[in-house]
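> Fold the following.
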Amino acid sequence: MENKVLTPEDRLISLGYALKPIRPASGNYVKSVRTGNLLFTSGQGVDEYHGKVGRELTLEEGYAASRESMLNLISVLKYELGELSKVKRIVKILGFVNSTEDFYDHPKVMNGASDLLVEVFGERGKHARSAVGMAQLPHNTAIEIEMVVEIED
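Numbers count the residues shown, from 1 in each chain. Presented below is the predicted three-dimensional model:
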């Protein structure tokens with residue numbers, strides 16, 4: 001029997017995820033910009049999770065919100081590239097967590113996004129990362145994430 005190499009799309013399906021249509025921009029910007037073999041995405045918030053992690057939302061809900069935000073970003077990649085196999089490497093993600101002043105587990109929240117990237121892209125999904133707390137985010141979203149991706153020519 002032949003071993004089939006799973007594509008990132010196959011891995012998403014096996015994880016129980018379906019990519020959604022890309023979300024409309026909430027301002028005068030584009031979803032991503034390509035320069036050379038790098039793709040820079042605009043930040044993606046979430047539709048389901050609103051409020052501050054540490055008050056309205058638990059750490060676990062923040063983790064789930066970062067996975068949802070990453071799914072939104074993966075949808076942008078799929079839209080821009082046509083197929084996710086064109087991703088050579090996730091270079092960096094930057095996560096903004098809408099949190100209370102006394103919440104200090106931003107990296108644990110961002111693990112939701114990072115874990116998903118490794119589950120979908122394997123070694124190519126391992127990346128550099130920053131996770132920061134914010135006083136407020138647009139539309140009171142719980143999280144916003146942007147990323148830089150190296151793509152195959």
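
> In contact with the residue nearest the centre of the chain, which residues?
For the chain, the residue nearest the mean C-alpha position is Met70 (2.0 Å; Cα atoms, centre = their mean). Neighbouring residues of Met70 by Cβ atoms under 8 Å, 6 or more residues apart in numbering: 93, 112-113, 116-117, 145. Any C-beta I mention is one placed from the backbone N, CA and C, and that applies to glycine too.

> Just those: which are in helices?
Counting by DSSP state H, the contacts of Met70 place 112-113, 116-117 in helices.

> for those residues, which one is nearest Glu56?
Gly112 (17.0 Å; Cβ to Cβ).

> Measure how buried that closest one is and give me the count.
Neighbour count of Gly112, defined by other Cβ atoms under 10 Å: 23.

> My guess is it contacts Glu60. True?
No: at 9.2 Å, Gly112 does not count as touching Glu60 under the criterion of Cβ atoms under 8 Å.

> Now do the closest residue in space to Val118 that isn't next to it in sequence: how many residues are near it, please.
Closest residue to Val118 apart from its sequence neighbours, by Cβ to Cβ, 6 or more residues apart in numbering: Gly125 at 4.4 Å. Other residues near Gly125 come to 19 when the count uses other Cβ under 10 Å.

> I'd assumed Ile90 was in contact with Gly125.
Yes: using Cβ under 8 Å, Gly125 makes contact with Ile90 at a distance of 5.2 Å.

> buried sites along the helix or strand hosting Val97?
Assessed by DSSP states H and E, Val97 sits inside strand 87-98. Using 16 or more other Cβ atoms under 10 Å as the test for burial, strand 87-98 gives 87, 89-90, 93-98.

> what's it packed up against?
helix 59-81, helix 106-121, strand 128-134, strand 143-151 (3 or more Cβ pairs under 8 Å, 6 or more residues apart in numbering; DSSP states H and E).
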